[in-house]
Every structure is written in C-alpha cells, then in structure tokens.
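*Asks:* No letters, just coordinates:
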C-alpha cells in the first residue's frame with residue numbers, strides 16, 4: 001500500500017454507524033428514561049420549586065407573592081429564633097461528631113480481629129442502627145423519664161439523686177441528652193466503616209513498628225491514626241450530615257422543646273412550614289441548611305486532607 005493511500009485512509013472520516021448500532025443506542029437511551037423521569041419528578045423539580053418559593057411569601061394555599069431577597073435578609077439579620085436553633089445545631093453536631101467518631105474508632109480497633117467474640121460484639125453494637133428512629137426515640141424517652149425512668153431510678157438507688165435530672169425537660173441538658181442518644185444510635189454503623197478501613201492497613205507496618213520497639217500507643221499514633229485519616233474524613237462527613245438530618249429523633253423525643261432548646265434546623269424548618277404555614281420562609285431556611293452543610297463538610301475535608 002502506498003503512502004498516499006495510507007494517508008488518505010488515515011484522514012478518512014469514520015464509517016457511519018450501521019442500523020444495529022443505532023438501534024442499540026436508542027435502546028440504551030430509552031432504558032435511562034425511567035431513571036431520568038424519577039430524578040426529575042422527585043429531585044430536580046422540587047429543588048427548582050424550593051428555590052422559587054424561597055423568593056416568595058406563601059402560606060401553602062394561595063398564589064405565592066414574590067418578595068425577592070427579603071426572606072434571606074430576615075434570616076441573616078432579624079431572626080433570633082433561627083440564630084438560637086443554628087447555635088443548637090452546631091453544638092449538637094460538634095458533640096455527635098467528636099464522640100461518635102472517637103467511640104467508633106475505639107470499638108473498631110478492639111474488634112478488628114475476626115474472632116467469634118468480636119463478631120458477636122460487632123453485631124450487638126450495630127444492632128441499634130437497624131431500628132427505626134422513632135422506636136429509638138420512644139425507648140430513650142422512657143429511659144430519660146424523670147420519675148420512673150431507669151436512669152433516674154438507678155441514680156436514686158445508689159445515692160446519686162443529685163444527678164437524677166429532668167433529662168428532656170431542662171433547657172440546659174435536653175440537647176446533650178438527645179446528642180447522647182444519637183451517638184448511641186449510630187456509633188455501631190460508623191464502627192463498621194472504620195473496621196473496613198483499618199483492615200486495609202498493611203500488617204507489615206505494625207510488624208516493623210514492633211521490631212523498632214514501639215508501644216501500642218506509639219503504633220496507634222504513628223501507624224493507625226495516619227492510615228485511618230481517609231476513613232475518618234468519610235466518617236466525619238457522614239456523621240455531620242446525619243446530625244443535621246436528625247429530624248425524626250429530635251421531633252419524636254421533644255418536638256424541639258422546651259422553648260426551642262433542643263430544636264435543630266430541620267425541626268425548625270418543619271415547624272415554620274407546617275405549624276406557621278410560612279412555606280416561603282421555610283424554603284429559605286432549607287437553602288441555608290444545604291449551603292451550611294456543604295461548607296462545613298468541605299472545611300472538614302480540607303482540614304483532614306492536609307494531614308494525609
């Protein structure tokens with residue numbers, strides 16, 4: 001074959017697809033349509049509608065009245081309840097992320113080996129995760145009951161009655177009591193994530209550390225923790241999102257009371273929309289919630305990335 005023919009063949013346009021290939025492309029496109037339809041109906045359309053309602057005043061019945069950025073200005077500059085609830089949510093998230101991450105890592109380290117005892121304890125710790133949030137809330141409501149609840153009954157029986165508190169009725173302690181319940185609820189789930197991450201650490205690293213005479217704490221500090229940082233980033237991001245989405249647990253236990261002391265942003269959004277019928281303002285609050293979660297998780301990821 002001459003160079004001229006070779007060059008002509010290289011420069012030639014690609015052959016058009018045959019009928020079978022075009023039919024396959026159409027079939028693949030048709031197979032994606034149900035998923036695209038469901039995505040558009042249940043995600044894309046509500047998202048666009050929420051953005052539109054955030055710029056309006058709407059009670060859920062009449063025609064929305066366009067108010068521009070008035071809802072956003074009120075949210076940022078003139079809403080003391082929102083500021084209080086945002087502060088609650090930050091405290092709740094901080095407590096849950098710190099304690100849930102720490103406990104799940106500790107449990108994962110001790111239950112890393114695949115023995116019968118470890119398998120049983122993993123199952124036991126993971127079990128609360130498969131229970132519904134409302135069921136967990138009802139159980140812990142009973143445990144926290146100030147008069148007949150097992151926690152206060154036990155404290156009174158051992159002479160620590162000064163520690164027997166009105167766990168869900170005190171403005172100073174309610175949010176922390178719910179945070180403890182949230183940690184109990186999801187620590188087992190994050191423990192499983194940590195176990196999967198720790199099992200990927202090469203055993204040779206620990207063997208080398210033992211040869212160098214490193215103690216268990218030194219092995220954790222020099223091997224386990226640095227190698228577990230990518231998993232920690234995932235756990236912290238997921239736990240942060242969980243703590244901002246804990247509507248069912250908070251609402252079932254206290255409905256945000258007393259005096260909004262245990263309310264978080266998702267419960268406030270619900271009450272604003274369905275108790276006060278201010279759907280436009282609730283849409284504005286939900287947009288702020290999404291932006292705040294994105295910013296917080298991005299900050300966490302950036303901080304942890306600098307360490308691995």
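*Replies:* Yep, that arrived. Being a predicted model, the structure only gives us computed values, none of them experimental. Numbering: from 1, shown residues only.

*Asks:* quick one, longest helix in the protein?
*Replies:* Taking DSSP state H as the criterion, the chain has its longest helix at helix 80-110.

*Asks:* right, and the helix or strand after that one?
*Replies:* Beyond helix 80-110 in the direction of the C-terminus, DSSP states H and E gives the next helix or strand as helix 116-126.

*Asks:* what packs against that next one?
*Replies:* With contacts taken as 3 or more C-beta pairs under 8 Å, 6 or more residues apart in numbering; DSSP states H and E, helix 116-126 sits against helix 80-110, helix 174-198. Every C-beta, even on glycine, is put in place using the N, C-alpha and C of the backbone.

*Asks:* List the buried residues of the very next helix or strand once past it.
*Replies:* Proceeding N to C from helix 116-126, the next assigned helix or strand is helix 133-144, under DSSP H and E. Buried residues in helix 133-144, counting neighbours by 16 or more other C-beta atoms under 10 Å, are found at 133, 136, 137, 140, 141, 143, 144.

*Asks:* Report the separation between the last one and residue 279.
*Replies:* Separation of residue 144 from residue 279 (C-beta to C-beta, to the nearest Å) stands at 33 Å.

*Asks:* relative to helix 116-126, how tilted is the longest helix of the chain?
*Replies:* Angle, helix 80-110 to helix 116-126, by axes from the mean of the first three to the mean of the last three C-alpha atoms, to 10 degrees: 170 degrees.

*Asks:* Compute the inter-axis angle for helix 80-110 and helix 174-198.
*Replies:* Going by the same axes, to 10 degrees, helix 80-110 makes 40 degrees with helix 174-198.

*Asks:* Just list what helix 80-110 packs against, helices and strands only.
*Replies:* helix 116-126, helix 174-198, helix 225-244, helix 265-274, helix 279-305.

*Asks:* rerun at 6 Å
*Replies:* Judged by 3 or more C-beta pairs under 6 Å, 6 or more residues apart in numbering; DSSP states H and E, the packing partners of helix 80-110 are helix 174-198, helix 225-244, helix 265-274.

*Asks:* wait, which of those helices is closest to residue 36?
*Replies:* Between residue 36 and those, the shortest gap by C-beta to C-beta is with helix 225-244, which sits at 25.3 Å.

*Asks:* what is the orientation angle of that closest one with helix 265-274?
*Replies:* Angle of helix 225-244 versus helix 265-274, following the same axes, to 10 degrees, is 20 degrees.

*Asks:* Contacts for the helix or strand following helix 225-244, please.
*Replies:* Downstream of helix 225-244, the next assigned helix or strand under DSSP H and E is helix 247-253. Applying C-beta atoms under 6 Å, 6 or more residues apart in numbering, the contact partners of helix 247-253 are 133, 134, 137, 141, 178, 264, 266, 267.

*Asks:* Can you check what angle separates the helix or strand in which residue 155 is found from helix 174-198?
*Replies:* Secondary structure from DSSP H and E places residue 155 in helix 150-157. Put simply, helix 150-157 runs at 110 degrees to helix 174-198, going by the same axes, to 10 degrees.

*Asks:* So for helix 150-157, what gets flagged as buried?
*Replies:* Residues 151, 152, 155 are the ones in helix 150-157 that count as buried (16+ other C-beta under 10 Å).
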